[in-house]
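Asks: fold the following for me, if possible:
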Amino acid sequence: MFNKGNMTLVFLLMLIFVGFGDSFLPKPLSTASYQTRTTINNIVIGMFPSWRPKTDPNKRTQEAIKEMNK
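Replies: From the prediction side, this is the model:
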């Protein structure tokens, strides 16, 4: 039952369901497809918190401009 061909087919069907299901499936399945995609997106986005650099990359330039204007 779990041979390589069947697993490939199941994987492709899952990708189609999640990626494009809301555009061609009937109403209850299209809603499930959209919700599944939204949930997966939120999980992936939540894995990578917003990154902020520890230093300001423009700080040295801004200080040089202030010194020139004095």
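Asks: tell me the SS of Arg52?
Replies: Following DSSP: H, G, I helix; E, B strand; the rest coil, we place Arg52 in the coil state.
Asks: helices of the protein, start to end?
Replies: Ranges of helices in the chain, per DSSP state H, are 4-24, 27-47, 59-69.
Asks: ok, Asn69 - contacts?
Replies: Shown in contact with Asn69 (C-beta atoms under 8 Å, 6 or more residues apart in numbering): no residues. All C-beta atoms are positioned from the backbone trio N, CA, C, and that covers glycine.
Asks: distance of it from Trp51?
Replies: As for Asn69, its distance to Trp51 is 32 Å (criterion: C-beta to C-beta, to the nearest Å).
Asks: quick revisit: any chance of the helices of the chain in a markdown table with mean pLDDT as columns?
Replies: Listed next are these as a markdown table, based on pLDDT from 0 to 100:
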| stretch | mean pLDDT |
| --- | --- |
| helix 4-24 | 94 |
| helix 27-47 | 94 |
| helix 59-69 | 91 |
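Asks: and Gly21, how many residues sit next to it?
Replies: When neighbours are counted by other C-beta atoms under 10 Å, Gly21 registers 20.
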